[in-house]
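K.L.:
Next one to model:
(one chain, ligands or ions: 1)
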Amino acid sequence: MIPARIGHKASRQRSGILFLIMLILSIATGCNQSNTSQTTNSPQSPLAQEAASTPLAQSEKTKVVTTFLPIYLFTKAVAGDAADVEILVPPGTEIHEYQATPSNIKAIATANVLVKNGLGLEEFLADTIKNAQNPKLAEIDASKSIKPLNEISPVEKTAKEEKDHNYEHTEGNPHIWLDPVLAKQQVTNIRDGLITADPRNQATYEANAATYIKELESLNMEFQQNLQKTPNCTFVTFHDAFPYLAQRYNLKQVAVVEIPEDQLSPADVQNAVNVVKKYKVKALFSEPGVDNKLLTSLSKDLKLTLRPLDSLETGETDPQYYFKAMKTNLQTLETACK
Ligand SMILES: [Zn+2]
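P.N.:
Predicted coordinates for the structure are as follows:
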């Protein structure tokens, strides 16, 4: 077993996979990672506690439940203190493979509004909503009117992969929040949905959204300006989370690498080296907090520095965390792509 959190789809993709490299030329669907440590870094939601301790305020305010961290951050930014905002999937818990808990059902049963990322990311949601039986629940799909990127056929893969290749996200790659321009659309969708559900606070939602959108716009400018210097920077990742970011800023996510459970064979390493050479790969990205010996040794074999790139599926619950993490990502990209 791999000791650190490295990503997604462990249960489905693990069996039989020793090592696979899949080239996806900027675009891919789904998540090709494994994750064995779902409890890493998973504090009790402070938001749930907060809500529980203020029953009076809660009863007066619109209750909004959000699915996972980026959607919570955007919703909280728009709602401010005008609504009570909760998160269903605590930061640090795997979103792609998430199983709903009884308290999730309870939260949805008593909520006025539910906000999701959409694009098939929240697979647990359909049954959970059904079980919650809340006819007054308004749903906001934050990916509304965003055109998803879909899979392009892998151009290179190991023999093993064919059998195990398992794309479940038929609705496209869900990681839209990692592109600040699409994040802006998500915030707009959330704003409009909150206004419809709770028109009393329209002015607050509009003002808060405008402030956050301004920050997203300047973040976008910063990405544009700083990454202009390194066009077509090619990178390999262990989490298929960055095709939108790559497309927006003229980078190339060329490969998603699935690492093995046990050890790399010399053939695996040679395969990876060939791919890195063929596509002139400049950067190899892991995720923050991941300390994995296999990744480290692979990066040595590839003569590439392994750096963390944050998919924001886990982190702090302050809406400003989005900017903090994305600016760190920008610095990482600049350094790696030099
Ligand atoms: Zn993901």
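K.L.:
ok, the closest residue to the ion within the stretch 201-338 of the chain - how many residues close by?
P.N.:
Per Cβ to the ion, residue 241 is where the stretch 201-338 of the chain lies closest to the ion, at 4.7 Å. Yep, even glycine has a C-beta here, placed from its N, CA and C like the rest. Neighbour count of residue 241, defined by other Cβ atoms under 10 Å: 27.
K.L.:
That one against residue 177, yeah?
P.N.:
No. If you go by Cβ atoms under 8 Å, residue 241 and residue 177 don't touch, sitting 9.4 Å apart.
K.L.:
residue ranges with poor pLDDT in this structure?
P.N.:
Residues of the chain that meet the criterion pLDDT under 70 lie in 1-59, 151-170, 258-262.
K.L.:
a strand runs through residue 114, doesn't it?
P.N.:
Yes. The assignment for residue 114 (DSSP: H, G, I helix; E, B strand; the rest coil) places it in a strand.
K.L.:
And what about the residue of the stretch 201-338 of the chain closest to the ion, helix, strand or coil?
P.N.:
Under three-state DSSP, the three-state class of residue 241 is coil.
K.L.:
Return the residues in contact with it.
P.N.:
31, 175, 178, 309, 311, 313 (Cβ atoms under 8 Å, 6 or more residues apart in numbering).
K.L.:
where exactly do the strands run in the protein?
P.N.:
20-23, 62-66, 83-87, 113-116, 138-141, 234-237, 252-258, 283-286, 306-308 (DSSP state E).
K.L.:
These into CSV, with extra columns for mean neighbour count?
P.N.:
As requested, those are exported to CSV (neighbours: other Cβ atoms under 10 Å):
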stretch, mean neighbour count
strand 20-23, 22
strand 62-66, 24
strand 83-87, 24
strand 113-116, 25
strand 138-141, 18
strand 234-237, 24
strand 252-258, 25
strand 283-286, 24
strand 306-308, 17
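K.L.:
could those strands go into CSV alongside distance to residue 208?
P.N.:
Output for the strands of the chain, formatted as CSV (distance: least, Cβ to Cβ, whole Å):
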stretch, distance to residue 208
strand 20-23, 41
strand 62-66, 13
strand 83-87, 11
strand 113-116, 14
strand 138-141, 15
strand 234-237, 33
strand 252-258, 32
strand 283-286, 32
strand 306-308, 30
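K.L.:
export those strands to TSV and tack on distance to the ion?
P.N.:
Converted to TSV, the strands of the chain look like this (distance: least, Cβ to the ion, whole Å):
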stretch	distance to the ion
strand 20-23	15
strand 62-66	16
strand 83-87	16
strand 113-116	14
strand 138-141	18
strand 234-237	11
strand 252-258	11
strand 283-286	13
strand 306-308	14
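K.L.:
Nearest to residue 328, out of these?
P.N.:
Judged by Cβ to Cβ, the one of the strands of the chain that comes nearest to residue 328 is strand 306-308, at 8.5 Å.
K.L.:
ranges for the helices of the stretch 1-150 of the chain?
P.N.:
10-13, 46-53, 55-60, 69-79, 102-109, 125-132 (DSSP state H, counting those that start in this stretch).
K.L.:
Please apply the same query to the stretch 201-338 of the chain.
P.N.:
202-227, 243-248, 266-278, 293-302, 321-337.
K.L.:
right, so these: which one is the most enclosed?
P.N.:
Across those, averaging neighbours per residue (mean count of other Cβ atoms under 10 Å) puts helix 243-248 on top, at a mean of 23.
K.L.:
starting at the chain centroid, how far to it?
P.N.:
Put simply, helix 243-248 sits 13 Å off its chain's centre (Cα atoms, centre = their mean, to the nearest Å).
K.L.:
ok, now stretch 134-151?
P.N.:
15 Å.
K.L.:
List the buried residues in it.
P.N.:
137, 138, 140, 141, 142, 143, 146, 148, 149, 151 (16 or more other Cβ atoms under 10 Å).
K.L.:
One more: stretch 285-292?
P.N.:
Buried residues in stretch 285-292 (16+ other Cβ under 10 Å): 285, 286, 287, 288, 290, 292.
K.L.:
Going by distance to residue 318, which of those residues wins?
P.N.:
residue 288 (16.3 Å).
K.L.:
Which phi and psi values does that closest one adopt?
P.N.:
According to degrees, to the nearest 10, the main-chain angles of residue 288 amount to phi -60, psi 140.
K.L.:
How about residue 68?
P.N.:
phi -140, psi -180.
K.L.:
where's it relative to the ion, distance?
P.N.:
10 Å (Cβ to the ion, to the nearest Å).
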